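In: attaching a predicted model along with its sequence, questions to come.
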Amino acid sequence: MTVIPLARDGFDADTHIAELGRKARAAQAVVALASTATKRAALAAMAHEVRTAADAILAANANDIADMDTASAFRDRASMTAERIEAMAAAIDVIAALPDPVGHVLASWERPNGLKIDRVATPLGVVGVIYESRPNVTADAAALCLLAGNAVILRSGSETLSTAAAIADALRRGLLAHALPADAIQLVPTKDRAAVGAMLAGAHGGIDVIVPRGGRSLVERVQSEARVPVFAHLEGLCHIFVHGTADLDMAREVVVNAKMRRPGICGAVETLLVDTACAATHLPAIVEALATAGCEVRGDARAQSLAPMAPATDVDFATEYLAPIISVAVVDGIDGALSHIARYSSHHTDAILTSEAEAAERFLAEVDSAIVMVNASTQFADGGEFGMGGEIGIATGRMHARGPVGVEQLTTFNYRVRGAGQIRP
């Protein structure tokens, strides 16, 4: 198989995306019927090919990174290392070991007239994934879609197109090694933004669902223009509430990890809320630890009265920084925390640190976010950390999928009805 050629001048987005959709539809008809054993073997081969192609992936990524003139957090998300390539391959191995959702009987019952009805998981079809800056999404999306019996059309961010192409080449070789069609994994070979519009239009019936993974401007465009269903989140404006009963050492460690482990990911905490019941003791210590770790702290008036920090505005509390910056507010108990989160949260991930079971359960029940945590870093908001092997994105809507979109969320279902000659009176 030849390497995916990147498009040159004269690229006709509508025609090209329609052709990708046609090929994907034909390939999906094959993978939808592939046995679990065949899909597992292909996934193992895909992981092997990624490891084998490590030098080519690193070389392509070096070229992409050399052309960037962007913030360090963006460069971090776009950068590949030997360790990240191994993690990407290992994630494919984990996905290969997951239960195959296709054909799983979700529910079964029999009607008084003798009709037997099963609700059975089936593939979604052709999934279009539009993403920015994170090359590992190429592998995560392709592997998850394959196990769920789907084909995938990948539109990488223009800044990492060469990296994504090198990864996709390796994945397609893995498919061919087990007689599955390479066109089950296709990469849009251009930086032309018109390709996004053609995908959002549905590729002339060739795409069934779109998953955007990127910044607010991308997701807003997808949600406003898409003519097919969308799994999306606008941003990860995540909160941690330090309840009055929280252990100080744990709170300090968890907050620093949630902000500073990787500030540029959507699960990074952006706002720290501290209960008035413990603010005098906990807030200064946590702020000091954040500052020592290199984080800029911005706080409301009450927070500023307890520790040195810059002033925070309403704009700060509504901002997903994706950088080593955090907003801090002092709130009056759990009611104050719930009110602040309801006002500012993007419904991605919010957490409480507490030693009181009643407070924890109330927070879990009343916070309307896709992921709600107790006594854990928000950086665990990740399909791989949830045991899903990886994720195609984090969905914050309320239809079909919510939270990490893993292999189960990449299926739909149909009803299979078995009769013995019944007719309806």
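Out: Okay, I see it.
In: domains of the protein?
Out: If the domains of the chain are taken from automatic domain parsing, they occupy 13-232, 238-380, with pieces of a single domain joined by a plus sign.
In: need the contact list for the residue lying closest to P308 once chain neighbours are set aside.
Out: Of all residues beyond its chain neighbours, the one nearest P308 is V287 (7.7 Å), with distances taken as C-beta to C-beta, 6 or more residues apart in numbering. Using the backbone N, CA and C atoms, a C-beta is placed for each residue, glycine as well. Contact criterion C-beta atoms under 8 Å, 6 or more residues apart in numbering gives 297, 299, 303, 307-309, 328 as the residues in contact with V287.
In: so how do I select the buried members of these in ChimeraX?
Out: Applying 16 or more other C-beta atoms under 10 Å to those, the buried members can be selected in ChimeraX as follows:
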select :297,299,303,307,309,328
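In: farthest-separated two in the contacts of V287?
Out: P308 and V328 (11.5 Å; C-beta to C-beta).
In: and L20, what element?
Out: If you go by DSSP states H and E, L20 is part of helix 13-31.
In: and that helix, what's buried?
Out: For helix 13-31, the neighbour count (16+ other C-beta under 10 Å) marks 13, 16-18, 20-25, 27-28, 31 as buried.
In: got any ranges where the chain has weak pLDDT?
Out: Counting by pLDDT under 70, the chain has low-confidence residues at 1-11, 70-73, 234.
In: please repeat the previous calculation with a cut-off of 50.
Out: 1-2 (pLDDT under 50).
In: closest to L410 out of the domains of the chain?
Out: Put simply, out of the domains of the chain the one that sits nearest L410 is domain 13-232, at 3.9 Å, with distance taken as C-beta to C-beta.
In: which parts of stretch 179-191 are buried?
Out: By 16+ other C-beta under 10 Å, the buried positions in stretch 179-191 come out as 180-190.
In: got the buried residues of helix 13-31 as CSV, with distance to P425 columns?
Out: Shown next, in CSV, are these (distance: C-beta to C-beta, whole Å):
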residue, distance to P425
A13, 54
H16, 54
I17, 50
A18, 47
L20, 49
G21, 44
R22, 45
K23, 47
A24, 44
R25, 40
A27, 45
Q28, 40
V31, 42
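In: number of nearby residues for the closest residue to A293 other than its chain neighbours?
Out: Nearest-residue entry for A293: M260, 4.6 Å, with adjacent residues in sequence omitted and distances by C-beta to C-beta, 6+ apart. Neighbour count for M260, taken as other C-beta atoms under 10 Å: 19.
In: mind listing the strands for the stretch 51-200 of the chain?
Out: Counting by DSSP state E, counting those that start in this stretch, the segments of the stretch 51-200 of the chain that form strands are 105-110, 116-123, 126-131, 151-155, 185-187.
In: which other residues reach the second one?
Out: Counting contacts by C-beta under 8 Å, 6+ apart, the residues outside strand 116-123 that touch it are 28, 31-32, 101-111, 148-150, 408, 410-419.
In: change it to 6 Å
Out: Residues from elsewhere that reach strand 116-123, judged by C-beta atoms under 6 Å, 6 or more residues apart in numbering: 32, 101, 104-110, 148-150, 411-418.
In: could you check that strand and say which residues are buried?
Out: So for strand 116-123, counting by 16+ other C-beta under 10 Å, buried means 120-123.
In: turn the residues you listed into CSV, including distance to A66.
Out: CSV is the format used below for the buried residues of strand 116-123 (distance: C-beta to C-beta, whole Å):
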residue, distance to A66
V120, 49
A121, 44
T122, 44
P123, 39
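In: out of those, what pair is the most spread apart?
Out: Greatest spacing in these, by C-beta to C-beta: V120 and P123 (11.2 Å).
In: now the strands for the stretch 251-400 of the chain?
Out: Secondary structure of the stretch 251-400 of the chain (DSSP E, counting those that start in this stretch): strands located at 269-275, 296-299, 310-311, 325-331, 349-353, 371-374, 394-395.
In: burial of C238, as a residue count?
Out: The criterion is other C-beta under 10 Å. On that basis, C238 has 28 neighbouring residues.
In: circling back: hey, which of the strands of the stretch 251-400 of the chain is tucked in deepest?
Out: Burial of these is given as mean neighbour count (mean count of other C-beta atoms under 10 Å); strand 349-353 ranks first at a mean of 29.
In: what does that one contact?
Out: 238-243, 246, 251, 267, 341, 363, 367, 369, 371-375, 378, 381.
In: still on that earlier bit, next, the angle from the helix holding L20 to strand 116-123.
Out: For the pair helix 13-31 and strand 116-123, the angle between their directions (axes from the mean of the first three to the mean of the last three C-alpha atoms, to 10 degrees) equals 130 degrees.
In: quick check: A168 vs A310, distance?
Out: A168 is 44 Å from A310, where distance means C-beta to C-beta, to the nearest Å.
In: again, but for E385
Out: Between E385 and A310 the computed distance is 32 Å (C-beta to C-beta).
In: please apply the same query to D316.
Out: Distance of D316 to A310, given as C-beta to C-beta: 9 Å.
In: what do these two both touch?
Out: Residues touching both D316 and A310 (C-beta under 6 Å, 6+ apart) are R298.
In: quick one: the helices in the stretch 51-200 of the chain, in order.
Out: Ranges of helices within the stretch 51-200 of the chain are 54-66, 72-78, 82-96, 136-147, 161-176, 194-200, based on DSSP state H, counting those that start in this stretch.
In: these: which one's closest to G393?
Out: With distances scored as C-beta to C-beta, the stretch of the helices of the stretch 51-200 of the chain nearest to G393 is helix 136-147 (8.1 Å).
In: what packs against that closest one?
Out: Using 3 or more C-beta pairs under 6 Å, 6 or more residues apart in numbering; DSSP states H and E as the contact test, the elements touching helix 136-147 are helix 36-52, helix 82-96, strand 126-131, strand 151-155, helix 161-176.
In: including distance to G197 and mean neighbour count, could these go into a markdown table?
Out: Rendered in a markdown table, the data for the helices and strands packed on helix 136-147 read as follows (distance: least, C-beta to C-beta, whole Å; neighbours: other C-beta atoms under 10 Å):
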| stretch | distance to G197 | mean neighbour count |
| --- | --- | --- |
| helix 36-52 | 30 | 20 |
| helix 82-96 | 29 | 19 |
| strand 126-131 | 11 | 28 |
| strand 151-155 | 11 | 28 |
| helix 161-176 | 17 | 24 |
